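*Asks:* Give the three-dimensional model of this entry:
(chains A and B)
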There are 2 protein chains.
Amino acid sequence: MVNEKADALKITKRDEDYSRWYLDIVDRAKLAEDSGIRGCMIIRPEGFALWEKIQQILDGMFKETGHTNAYFPMFIPVSYFSKEAEHVSGFAKECAVVTHHRLKVTESGEITVDPEAELGEPLVVRPTSETIIWSAYRNWIQSYRDLPILLNQWANICRWELRTRPFLRTTEFLWQEGHTAHATFDEAEAEAKQMLEVYKTLVEHYLAIPVFAGRKTENEKFPGADHTYTIEAMTQDRRAIQVGTSHHLGTTFSKAFDVTYLSAEGNQEYPFATSWGITTRLIGTLIMVHSDDQGFVCPPRIAPLQVIGVPIYRKEAEKEQVLNRFSELEEQFKSLKAFSFKVDTRDNLSPGFKFNDWELKGIPLRLEIGPRDLKNGTAVLVRRDTGEKVNVAQSELETQIKTLLDEIQANLFQKAKEFQQQNTYFVETYEEFKAGIEKKPGFYIAYFDGTPEDEEKIQEETKATGRCIPLGQTEVGKCFYTGRQTSTQVIFAKAY
Amino acid sequence: MVNEKADALKITKRDEDYSRWYLDIVDRAKLAEDSGIRGCMIIRPEGFALWEKIQQILDGMFKETGHTNAYFPMFIPVSYFSKEAEHVSGFAKECAVVTHHRLKVTESGEITVDPEAELGEPLVVRPTSETIIWSAYRNWIQSYRDLPILLNQWANICRWELRTRPFLRTTEFLWQEGHTAHATFDEAEAEAKQMLEVYKTLVEHYLAIPVFAGRKTENEKFPGADHTYTIEAMTQDRRAIQVGTSHHLGTTFSKAFDVTYLSAEGNQEYPFATSWGITTRLIGTLIMVHSDDQGFVCPPRIAPLQVIGVPIYRKEAEKEQVLNRFSELEEQFKSLKAFSFKVDTRDNLSPGFKFNDWELKGIPLRLEIGPRDLKNGTAVLVRRDTGEKVNVAQSELETQIKTLLDEIQANLFQKAKEFQQQNTYFVETYEEFKAGIEKKPGFYIAYFDGTPEDEEKIQEETKATGRCIPLGQTEVGKCFYTGRQTSTQVIFAKAY
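*Replies:* Residues are numbered from 1 along each chain as shown, chains lettered A, B, ... in the order given. Down below sits the predicted model:
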């Protein structure tokens, strides 16, 4: 039985099959599983706890920056999409379409769609909510006094995907979508940039994932946006993954939905819009960036459970003593409220099995106490990130745990940052880039002022896309594709 | 302009048109609005803040009782419903059916459903999740060690409704649904009862809504349940409204989805299930129970904003002094963290308009300070529930506000409780009942041991349904319909 269970913990090695390694971790760490419904996953409690932490942190930051939450319908009439041409071609194509509102049981007992219950106008399950929200803003916005509107929505979203992968790309996913309205371009611009900063704080400070922040190229921006900001992370197979976007939508949607406001000067004006979102894809990124061949690695600040206690004993008498000591510690740590702690009291499993199990699940720190420790007043702390064992006095446990959790958090960020830096190259010529990205995947920074068509050609030839135009870059250089002088740098990479 | 705005605050009186009164409050207090999409509402920030409070309180209680959250797909294949006959006839009939996964743009530029993208099997947007969750539990449950499973999901739900009303009955609504699996009938029974108690605490302690807790009659129980527990509140038009239900599902779903576990004794057994839910309908109930002809009345413990400050001044010099004092108080109250407070600094509106506006929005307590108060070190607190003005020293504001908020909370519960008691009657004969419910709507308690058919006849004749069988009743009496001796009492009422 133990052998059979040990098998259940085995995961494919990263170097053997990166894709399989990722799926193994998602499955064995019980983060998510396939639902049997095309492209839809079940987010299991361990995985959902990560999303709850993300929600809690983000929602706090949204409220600190003056936003409130609201909720709009998940069904959007098809006609709403036709109001904004660019948006519909980008979004409304592959989607779930509700055409009927009733089932019926046939004479043979089968359940089928009732043909008599066809909807007059089909409804799309929201692929994003700009259209329905701006249709409501038409009634909400009359005067400059009604602005700004700073709303956010936590919701489920549906985009019909051909090839799916848990968290990274699913037909249904969870996200938050901010939708704001402003009197001026500059205000909207400040908002879009502020929310990118909020995302960067979440991702770098809490998830320990280093990112490049930048603007999207024309080809990669949001359909209907004036411009799009993005943060891009690097996975361990050296690809780019977009983890958050913030769009300055200009007056695209206020014009499409005929929303105007009376300015303080008495003129009818179109308000400016932003929208911004982060999805459950972030959990996939978290797994891909930090995990190793032993399983999931979770940074302490986002870990629902930070410290796991594993009692070590052989005889019954030892067991009682050790478990008592763990109960005392549980009480002590609970009242301290500085970190989350649980004891693995399962008595049908060996300590070795438990070590592997909690390593697989990514718990940042393990606390072991055995009979000898009881005598000596000692304990062992084992770091998930490095495997290092730290012998400590039980009297110093609180301080040591807090210090180690901070060190693990810092180390994970540092490690990922170094990895990102080691795999980021500056290239001057297109030949250098083509040769480079074929042999050494990674981020390639180059001066670029090509057209969208040029970017498409680059993608055809190399499978790499323009991930972002890093912010704050002012120097001038020669475009690696056209040879023209430009101040625009672009990061090219293969992407998820 | 002020007159036009004052008009916007007017609401229909309860006695004139109860239904219109409710809709007016929802609209004018900006809690929700019609989306233009059949039966779907937009929950505006003020309304959604109430849902967030409910979520926060409930989620805390769920976790204290050992539950964790997870997320299951919103799409359920039609075939899942055919596995449980009773369930499908109760649920899957009026629903949103996804039949296609693509739109296309026609040559004339119109957007239509792409007939080539028809799904092999239609998908239903979840009307409840028992089927998809128990289909997953099949893989999760093998041994008695895997039990109990104590899960909850926060989600959106769709039931195609003919007649809708914001919060009370909408095609899409928000809810939480708990789904648990247990080794024994008794454990599941304890769980179902525990969650009913959790709901009762939420509704009575926080929302100040008194309820009757009981079991549903055969006719009113959940399709597929062994039995259903419910809490029922009384609205001001003396109807019943179900605000939370907890179902003991027996082995209905484990059998339908072929879920068994190996018991400690080595036998294959079917686990027992519960499910329990509370929806955004609770917000509708909250509005209906406490509000008055001035607008929404919100109990302090559930109010997102508890105290609103309205500065009183005429001259510019006064304005600055008064606003400064309010800024000081804002800082003071913020660091106190005992209640939420905001100052209405809009300078284009009169104090009178502001009073009406915040009364309409249901803020429990108003704090007024004017130039004379500044001199005297005094302030006026005005209760939303009674309209009572309380003169207090500014030095005692913190204590007084806390005391008054507690008093308002207690008073609202007491008032609703008295109303419920005054409109609850015990009847011995069916004639007494028929005459009573026609003249005086309310809750009618009677001994009843009739059949489901009897209950249907009563409904046909009186439009009243069996709301619940109150818990803890042991005495014996004569059934008001059949004349037989029985220990079962039933509350009959017209219901939402």
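*Asks:* Let me know the secondary structure of the closest residue to residue A:479 other than its chain neighbours.
*Replies:* Excluding the flanking residues, the one nearest residue A:479 by C-beta to C-beta, 6 or more residues apart in numbering or on different chains is residue A:449, at 4.6 Å. Every residue, glycine included, has its C-beta placed from N, CA and C. The three-state assignment at residue A:449 reads coil, by DSSP: H, G, I helix; E, B strand; the rest coil.
*Asks:* and what of residue A:30?
*Replies:* coil.
*Asks:* any idea how far it lies from residue B:142?
*Replies:* 14 Å (C-beta to C-beta, to the nearest Å).
*Asks:* cool, residue A:391 as well?
*Replies:* Taken as C-beta to C-beta, the span from residue A:391 to residue B:142 is 39 Å.
*Asks:* Over to residue A:138?
*Replies:* For residue A:138, the distance to residue B:142 - C-beta to C-beta - is 55 Å.
*Asks:* can you check residue A:496 too?
*Replies:* 34 Å.
*Asks:* same question, residue A:387
*Replies:* Taken as C-beta to C-beta, the span from residue A:387 to residue B:142 is 32 Å.
*Asks:* Show me which residues of stretch A:172-186 are buried.
*Replies:* A:172-183 (16 or more other C-beta atoms under 10 Å in any protein chain shown).
*Asks:* Closest to residue A:47 out of those residues?
*Replies:* residue A:174 (10.8 Å; C-beta to C-beta).
*Asks:* Which secondary structure state does that closest one sit in?
*Replies:* strand.
*Asks:* my guess is it meets residue A:167, correct?
*Replies:* No - applying C-beta atoms under 8 Å, one finds residue A:174 not in contact with residue A:167, separated by 10.1 Å.
*Asks:* what residues do these two have in common as contacts?
*Replies:* Jointly contacting residue A:174 and residue A:167 under the rule C-beta atoms under 8 Å, 6 or more residues apart in numbering or on different chains are residue A:280.
*Asks:* Show residues contacting stretch A:328-339.
*Replies:* A:300, A:306-307, A:309, A:341-343, A:367, A:397-398, A:401-402, A:405.
*Asks:* Show me which of the residues you listed are buried.
*Replies:* Neighbour counting by 16+ other C-beta under 10 Å classes A:300, A:306-307, A:309, A:341, A:343, A:367, A:397, A:401, A:405 among the contacts of stretch A:328-339 as buried.
*Asks:* so can I have CSV of the residues you listed showing distance to chain B?
*Replies:* What follows is these, written out as CSV (distance: C-beta to the nearest C-beta, whole Å):
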residue, distance to chain B
A:300, 20
A:306, 16
A:307, 18
A:309, 19
A:341, 16
A:343, 15
A:367, 22
A:397, 25
A:401, 23
A:405, 22
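*Asks:* Turn those residues into a markdown table, columns for secondary structure and pLDDT.
*Replies:* Output for these, formatted as a markdown table (DSSP: H, G, I helix; E, B strand; the rest coil; pLDDT from 0 to 100):
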| residue | secondary structure | pLDDT |
| --- | --- | --- |
| A:300 | helix | 98 |
| A:306 | coil | 98 |
| A:307 | strand | 98 |
| A:309 | strand | 98 |
| A:341 | strand | 98 |
| A:343 | strand | 98 |
| A:367 | strand | 98 |
| A:397 | helix | 97 |
| A:401 | helix | 98 |
| A:405 | helix | 98 |
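*Asks:* Let's have these in CSV, adding distance to residue A:60.
*Replies:* CSV is the format used below for the buried ones among the contacts of stretch A:328-339 (distance: C-beta to C-beta, whole Å):
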residue, distance to residue A:60
A:300, 18
A:306, 19
A:307, 23
A:309, 29
A:341, 23
A:343, 30
A:367, 29
A:397, 29
A:401, 24
A:405, 20
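*Asks:* so who does residue A:174 touch?
*Replies:* A:43, A:51, A:154-157, A:279-280, B:71.
*Asks:* now, among the buried residues of stretch A:172-186, which is nearest to chain B?
*Replies:* residue A:172 (5.7 Å; C-beta to the nearest C-beta).
*Asks:* what's that closest one in contact with, if anything?
*Replies:* Neighbours of residue A:172 in contact, by C-beta under 8 Å, 6+ apart: A:39-40, A:156-158, B:73-75.
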